[in-house]
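# below is the structure, and that's it, no one-letter string:
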């Protein structure tokens with residue numbers, strides 16, 4: 001059975017273990033959501049590699065709303081990638097009203113190893129002043145509980161981790177290669193959406209530069 005929980009960042013502010021209630025389920029988030037922008041400058045793509053052996057871990061796709069698409073186009077069209085332009089693009093991405101992030105695993109990954117990657121990027125977001133230290137620490141502490149359903153299984157090849165960001169909520173879903181919903185978390189606190197996008201687009205995160213570079217060369 002899938003794990004469906006609602007996580008409150010308000011609860012995180014006062015305890016390491018948040019209050020948990022059953023959350024409403026719905027259609028699985030998709031980077032092909034018709035409510036998101038289509039065409040050039042609407043999406044980003046990258047292949048995540050870890051370790052000096054350049055082992056492929058996952059593909060990451062992000063699709064944004066039409067407002068973000070327009071701002072990406074205005075900043076990137078006809079230009080080459082640079083650190084200055086990247087900073088402007090990252091600001092747009094972090095503050096987008098709507099986005100879907102999909103991580104599709106191309107190999108088996110233990111849960112502890114994935115949590116380590118998440119914690120590293122949360123640290124980068126905090127160091128950049130995008131999230132406060134207390135939120136970083138408590139989210140980091142809560143990850144093993146929220147993803148406990150994957151503790152022994154981990155992520156398997158073909159699994160998808162999806163984040164659906166809206167102005168009102170952040171939804172996190174893990175779907176197996178066979179289509180089974182393994183985890184379904186809903187957070188309706190205002191700060192939750194910023195934590196995810198900030199961790200992807202913070203300076204020195206594993207994802208920021210390759211995702212932003214994918215906008216160039218025609219905007220995909």
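The structure has been received and is ready for your questions. This structure is a prediction, so every number in the text was calculated from the model and none was measured.
# C-alpha from now on. contacts and neighbour counts both.
Noted.
# just the pLDDT for the residue of the chain positioned farthest from its centre.
Distance from the C-alpha centroid of the chain peaks at residue 78, with 27.7 Å (C-alpha atoms, centre = their mean). Residue 78 carries a pLDDT value of 91.
# Three-state assignment for it, please.
The three-state assignment at residue 78 reads coil, by DSSP: H, G, I helix; E, B strand; the rest coil.
# give the buried residues for the helix or strand where residue 48 lies.
Assigned by DSSP states H and E, residue 48 belongs to strand 43-50. Buried residues in strand 43-50, counted by 16 or more other C-alpha atoms under 10 Å: 43-48.
# before we move on, what about stretch 124-136?
124-126, 130-131, 135-136.
# narrow those to those in helices?
Among the buried residues of stretch 124-136, DSSP state H puts 124-126, 135-136 in helices.
# checking my notes, residue 70 in a strand, right?
No - the assignment for residue 70, made by three-state DSSP, is helix rather than a strand.
# tell me the SS of the nearest residue to it once chain neighbours are set aside?
Distances taken as C-alpha to C-alpha, 6 or more residues apart in numbering place residue 41 nearest to residue 70, at 7.6 Å, with adjacent residues excluded. Following three-state DSSP, the label given to residue 41 is coil.
# quick check: phi and psi at residue 41.
phi 70, psi 20 (degrees, to the nearest 10).
# distance of it relative to residue 90?
13 Å (C-alpha to C-alpha, to the nearest Å).
# thank you, goodbye.
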